[in-house]
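Q: with the input below, show me the fold.
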Amino acid sequence: MTSIFHVVDADDWATAGKAGEYRPLSLDGEGFVHFSFAEQVDGVLQRYYQGVGNLVLVEFDPDRLSLPVVVEDLAGSGAFPHVYGPIPTVAAVSVRPLQ
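A: The predicted structure follows:
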C-alpha cells in the first residue's frame, strides 16, 4: 500500500513523539484515526482546516503500522484510509509544516 497522510496540530504531534504513539480524539470518539491518500490531502485541508494554524502533515508507511489500514467510505464522500487503534510514531516517514 502507498503512503497515507494525517493532518495534526504540531504540538499534539510533538507530544505523541514523546509518548511513542499518537492517539487523537477521533480514536476515542469514533474508534479510528482518519487518514488520507496523497491525492485527497488538498481536499481535506480545504474542507476541514481553513484558517487553522500550527499544523503539520505527517506521512506514514502502512507497513510500519501495527494495525491494518482499512479503506472505507463511511460518510459517502469517497474511500479513505482509517486505522482502528493508536498509531506508533515510528510509522511516520516525514513531517512537513503546513502554511
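Q: and A75, what pLDDT?
A: Per-residue pLDDT puts A75 at 81.
Q: ditto for the one 3 residues further on
A: According to the per-residue confidence, G78 scores 91 in pLDDT.
Q: ok, which stretches of the chain are helices?
A: 10-19, 25-30, 41-48 (DSSP state H).
Q: now the ones you listed in TSV, with mean neighbour count, mean pLDDT and distance to H82?
A: C-beta coordinates here come from the backbone N, C-alpha and C atoms, glycine included. Output for the helices of the chain, formatted as TSV (neighbours: other CB atoms under 10 Å; pLDDT from 0 to 100; distance: least, CB to CB, whole Å):
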stretch	mean neighbour count	mean pLDDT	distance to H82
helix 10-19	14	97	18
helix 25-30	11	93	9
helix 41-48	13	96	13
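Q: could I get the ones you listed as TSV with distance to L74?
A: Below are the helices of the chain laid out as TSV (distance: least, CB to CB, whole Å):
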stretch	distance to L74
helix 10-19	23
helix 25-30	9
helix 41-48	14
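Q: where do the strands of this protein begin and end?
A: 4-9, 21-22, 33-34, 55-60, 69-72, 80-83, 87-88, 92-97 (DSSP state E).
Q: from K18, how far off is S36?
A: Separation of S36 from K18 (CB to CB, to the nearest Å): 25 Å.
Q: with R64 instead?
A: Here R64 is placed at a distance of 19 Å from K18 (CB to CB).
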